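Trainee: sequence below, structure please.
(chains A and B)
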There are 2 protein chains.
Amino acid sequence: MAEEHPTPGEDRVRIFDTTLRDGEQSPGISLSTPEKLDIAQQLARLGVDVIEAGFPISSPGDFESVQAIARQVEGPVICGLARTSSQDIDAAWNAVRDAARPRIHTFISTSDVHIEHQLQTTREDVAGQARAAVAHARGYCEDVEFSPMDATRASVEFTAEVIQIALEEGATTINVPDTVGYTMPEEYAAMFGELYRLVPGLRDVTLSVHCHDDLGLAVANSLAGVAAGCRQVECAVNGIGERAGNASLEEIVMLLHTRSASLGLETGVNTREIARTSRLVSRLTGYPVQPNKAIVGRNAFAHESGIHQDGVLKERTTYEIMDATTIGLEQNSIVLGKHSGRHALRKALEELGFEVEGAALNTAFKRFKEIADKKAKVTALDLEAIVSDEMRQSPSQFALEAFEVEASSVRSPLARVSVRLPGGEVVSGSFTGDGPVDAFFSAINAATGHEGRLKEYHVSAVTGGRDALGEVTVMLELGGVLASGQGVSTDILEASGRAYLRAITNALADASPVAEAERELQREAVEPVASTPGP
Amino acid sequence: MAEEHPTPGEDRVRIFDTTLRDGEQSPGISLSTPEKLDIAQQLARLGVDVIEAGFPISSPGDFESVQAIARQVEGPVICGLARTSSQDIDAAWNAVRDAARPRIHTFISTSDVHIEHQLQTTREDVAGQARAAVAHARGYCEDVEFSPMDATRASVEFTAEVIQIALEEGATTINVPDTVGYTMPEEYAAMFGELYRLVPGLRDVTLSVHCHDDLGLAVANSLAGVAAGCRQVECAVNGIGERAGNASLEEIVMLLHTRSASLGLETGVNTREIARTSRLVSRLTGYPVQPNKAIVGRNAFAHESGIHQDGVLKERTTYEIMDATTIGLEQNSIVLGKHSGRHALRKALEELGFEVEGAALNTAFKRFKEIADKKAKVTALDLEAIVSDEMRQSPSQFALEAFEVEASSVRSPLARVSVRLPGGEVVSGSFTGDGPVDAFFSAINAATGHEGRLKEYHVSAVTGGRDALGEVTVMLELGGVLASGQGVSTDILEASGRAYLRAITNALADASPVAEAERELQREAVEPVASTPGP
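Mentor: Next up, the predicted model:
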């Protein structure tokens, strides 16, 4: 692939992961701080270069989780997003300042459609805001990224002018986003060519791509940007993000890896962590990966499809351009059973990258035993699901104590449940519904007094077989807040109950008087973040 | 986008849909002839130019469904796939000959890795087979497509030589597939440039792309081929197909549509049928579409996300480059309730494109009433699900007569079921399992005497709300056959039972002594199709 434009003199492409920022903004995803920390730790194991951990001004919860990641996650640069206002940049800096290598990422739109309709201001004002923001950020931090938002629909001359200003004020990375997923590879590459021509100083900093997949071109556009000289790619695990999502991290990485002989580029990613990272993100966000998704879909590798075509694959390379082991899909040897002890469990968890000790190990072991009682073989995939499920437990949650469900084709289903409230009190309720799951959820509403309204409901099996663990994802609305929860069990009703109670817990955390009051203060202080979802 | 190479002198890109051939080859998809007909009819309404209806030699069922589509579906060219052998081409011709505009599509690999390891022959032999196949097909049919399989990993000179032979024998479309999803846009475009140079006759026929998404580039590669002069794009609804699937039909179409001002190209597709086509294919194949899938994912359009950001979208174009109504996602006004009569139902179904009369209308009405009893508002999406569910009923199926399930946190769940066998006899069974679904499925196994082994299990809600219809997809293995089934109900257990029984029906149809004997005959007569999945 031709590289007509100067590059920063290296063949290393930096992977900037925005799963926890752009990805987390997808409807219904409501990750807690411990969950975000789990994902960030896994991203560090995966070997990404930069973690965009969140948008600190957007909520106290986001601030807290970015700060926790900055303090605890070692390896990658930890980045916080900020609009151009001082409050935004102060919040971003305060959230990331404790990281070994902090970064502030500030942005403002350069397209007229955004300037007129959303910012309701002028180009001059945008240029001034960009100058002030980068200068302010550089006062705190040596590593500052600037993005001219919606650049692919903007005048390239004006975008160049604003980039020039950002460089004068000391920005060290310039990211040129295709915010609405509109551009095409040749067009995007041509824009970079023009920017290099108009802003010669771009040769001295890292140029970056950030592509959305609205027309199915996010990965190809990113590749075109890289071929044009960009050496940072912004992307998200499983391609999640606003609307059709961001470029998929795993597709970008495996593209550069598989075609390295032609492209001559490399990343710092340990590809063998890709499959596990994908599963963790899918599980904690509740966003499923479709079977025909590239790299991480169930069918992406022929040997995963469950069909053995004896003698067909005379030579693996006949139909496979990648080896499944490269992304960590090898058959894992871990299999535990009902007679496995605490030591075996801890060892197995360690092999999977989970360090579980003390009370957490006791809880995990208790849960493991319950499941091993019902399921002959507990595999690595099962353990991952159980541990992710348990990690989401906290004392302040609603917990399912007991339930009873009768369903039949002749009577309406009846559910009775007992729920332990966060305070410790156990309450009960019962309900006759349209179906057993509806009856179950309505009984929980009756018991807790919270009128959750179900919006989405999904079940999938962790592994095959009749004793498979079922993983349930629920999205509900409660008091105007949309929240999701997951639950895992061999019993689909139990898993459903756990997921529903977790979603209620999440909704109430988001709707607590403290959170509400803090949001109100913010509303008075600054423009709400919802109106500018970011690059 | 630059067009350096000659084109067939027009701006119309033909859409060649391979949902029923490459898509249907995905693991676990087992569509019946009526289901394939439903999809083909919808593809005709969508306005595709060519329907690749199947691979007639691969099984008697495939032959039958291609023939039914050729006889009944009006509008598109109906195409059957064939390897180079006379048996294959005879079968393809016999299957499509009754279409108004039939096409035979024959293929053979030109890459050395396929020639050596899979075909185990020589380049000379491949060239000879291609010549014989195209000549044989042209003896039957004026419309013949030829594909040099795995062309993107082949010597371009040898591929050109084989294409030249195909043209000499009268091929009217030349498709150059990226069979393993390996190529990149500039590379693919360069290959077409080279092919035009080596085979000047390509200017007089239709050149075609067929791209797989293994590295996330299927749509971009297709676009690069179109920019290089190709005027046919092979693609599949929801991007299903071998491994990571084919280029998504909806992404290709909406890309050409949304960027028509730059590209100057058009298709014959009625984009307003896209959303419905996607739902139908997802439902009948059991392949879910992830929320962040471009165009047809739940989140692809902001207004679909369930979040109302009042005052945020000051101007729709700020974040949306497409209007949701363009793909048929407008709020449909159809809402029925328990008091709606047969006439209202028929009218509503007609608006949705279903012509339901006589006994079928009676069945649909009975089912509608059952659901309207439990669900206050029956929407267009609900009706679609019910009708698709009912259309899958046939007298030769196992049917759920009655069930009773007790589940609780203190006892193992117990299920009792009554099943009507295809012959009319009603049998019963009961089972105590690990969870209510497991108990239910095991009770069905006990009642029917068929030991289905569950491989996959998914549930999703058709619409939001506590009285939502649940749609269950089951994949099971029975006697070495992998088969799937779907069921719809407000009761998740009832939907599960229906799905499981349908999967058993499908597995037994595939494993019947007749089907088995026919497969055996084929095995003796010709090389099994499984070893050459096609372009």
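Trainee: run through the residues that contact residue A:326.
Mentor: Residue A:326 makes contact with A:254, A:257, A:271-272, according to C-beta atoms under 8 Å, 6 or more residues apart in numbering or on different chains. (C-beta placed from N, C-alpha, C; glycine too.)
Trainee: narrow those to those in helices?
Mentor: Judged by DSSP state H, the contacts of residue A:326 include A:254, A:257 as members of helices.
Trainee: what is the nearest of the contacts of residue A:326 to residue B:484?
Mentor: Relative to residue B:484, the closest of the contacts of residue A:326 is residue A:254; by C-beta to C-beta it sits at 28.4 Å.
Trainee: give me the number of residues near the closest residue to the closest one other than its chain neighbours?
Mentor: Of all residues not flanking residue A:254 in the chain, residue A:295 sits nearest, at 5.2 Å (C-beta to C-beta, 6 or more residues apart in numbering or on different chains). Around residue A:295 there are 31 other residues, counting by other C-beta atoms under 10 Å in any protein chain shown.
Trainee: hang on, the earlier thing: and the contacts of residue A:326, which are buried?
Mentor: Neighbour-count burial (16 or more other C-beta atoms under 10 Å in any protein chain shown) applied to the contacts of residue A:326 gives A:254, A:257, A:271.
Trainee: distance to residue B:290 and pLDDT added to these, as a markdown table?
Mentor: Shown next, in a markdown table, are the buried ones among the contacts of residue A:326 (distance: C-beta to C-beta, whole Å; pLDDT from 0 to 100):
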| residue | distance to residue B:290 | pLDDT |
| --- | --- | --- |
| A:254 | 18 | 98 |
| A:257 | 23 | 97 |
| A:271 | 22 | 97 |
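Trainee: which of those lies closest to residue A:410?
Mentor: Once C-beta to C-beta is applied, the member of the buried ones among the contacts of residue A:326 that ends up nearest residue A:410 is residue A:254, at 53.0 Å.
Trainee: is it true that the closest one touches residue A:327?
Mentor: Yes: with contact defined as C-beta atoms under 8 Å, residue A:254 counts as touching residue A:327 (7.0 Å).
Trainee: which neighbours do the two have in common?
Mentor: If you check residue A:254 and residue A:327 against C-beta under 8 Å, 6+ apart, the residues they both contact are A:271, A:274, A:295.
Trainee: from those residues, which land in strands?
Mentor: Among the shared contacts of residue A:254 and residue A:327, none falls in strands (DSSP state E).
Trainee: now those residues in JSON lines, with distance to residue B:224?
Mentor: What follows is these, written out as JSON lines (distance: C-beta to C-beta, whole Å):
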{"residue": "A:271", "distance to residue B:224": "26"}
{"residue": "A:274", "distance to residue B:224": "26"}
{"residue": "A:295", "distance to residue B:224": "21"}
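Trainee: ok, of those residues, which one's closest to residue A:363?
Mentor: residue A:274 (28.9 Å).
Trainee: next helix or strand past the host helix or strand of residue A:383?
Mentor: According to DSSP states H and E, residue A:383 maps onto helix A:380-391. Downstream of helix A:380-391, the first helix or strand assigned by DSSP H and E is strand A:399-408.
Trainee: strand partners (parallel or antiparallel) of that next one?
Mentor: Strand A:399-408 has its sheet partners listed here by DSSP bridges as strand A:414-420 (antiparallel), strand B:399-408 (antiparallel).
Trainee: and these as CSV, adding mean pLDDT?
Mentor: CSV is the format used below for the strands paired with strand A:399-408 (pLDDT from 0 to 100):
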stretch, mean pLDDT
strand A:414-420, 94
strand B:399-408, 92
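Trainee: after the particular helix or strand that has residue A:223 in it, which helix or strand is next?
Mentor: Secondary structure from DSSP H and E places residue A:223 in helix A:218-227. Sequence-wise, the next helix or strand downstream of helix A:218-227 (DSSP H and E) is strand A:232-235.
Trainee: helices of the stretch 201-350 of chain A, start to end?
Mentor: A:218-227, A:249-258, A:260-263, A:274-285, A:342-351 (DSSP state H, counting those that start in this stretch).
Trainee: can you give me the pLDDT of the residue lying farthest from the centre of chain A?
Mentor: Largest separation from the mean C-alpha position in chain A: residue A:410, at 43.9 Å (C-alpha atoms, centre = their mean). We have a pLDDT of 86 for residue A:410.
Trainee: residues in contact with it?
Mentor: B:402, B:404.
Trainee: would residue A:473 count as being in a helix?
Mentor: No: per DSSP: H, G, I helix; E, B strand; the rest coil, residue A:473 lies outside any helix segment and is strand.
Trainee: can you verify my assumption that it contacts residue A:455?
Mentor: No: using C-beta under 8 Å, residue A:473 is not in contact with residue A:455, being 11.1 Å away.
Trainee: ok, whichever residue of the stretch 51-200 of chain A sits closest to chain B - how many residues close by?
Mentor: Residue nearest to chain B within the stretch 51-200 of chain A (C-beta to the nearest C-beta): residue A:117, separated by 3.6 Å. When counting by other C-beta under 10 Å, one arrives at 16 neighbours for residue A:117.
Trainee: per-residue confidence at it?
Mentor: On the pLDDT scale, residue A:117 gets 86.
Trainee: phi, psi of it?
Mentor: Main-chain torsions, residue A:117, degrees, to the nearest 10: phi -90, psi -30.
Trainee: roughly how far does it sit from residue B:318?
Mentor: 5 Å (C-beta to C-beta, to the nearest Å).
Trainee: do residue A:51 as well
Mentor: In terms of C-beta to C-beta, residue A:51 sits 28 Å off from residue B:318.
Trainee: who has more neighbours, those two?
Mentor: More crowded of residue A:51 and residue B:318, by other C-beta under 10 Å: residue A:51, with 31 against 22.
Trainee: pretty sure that one is in a helix, no?
Mentor: No: using three-state DSSP, the assignment for residue A:51 is strand, not a helix.
Trainee: now it, nearest residue through space, not along the chain?
Mentor: residue A:76 (4.8 Å).
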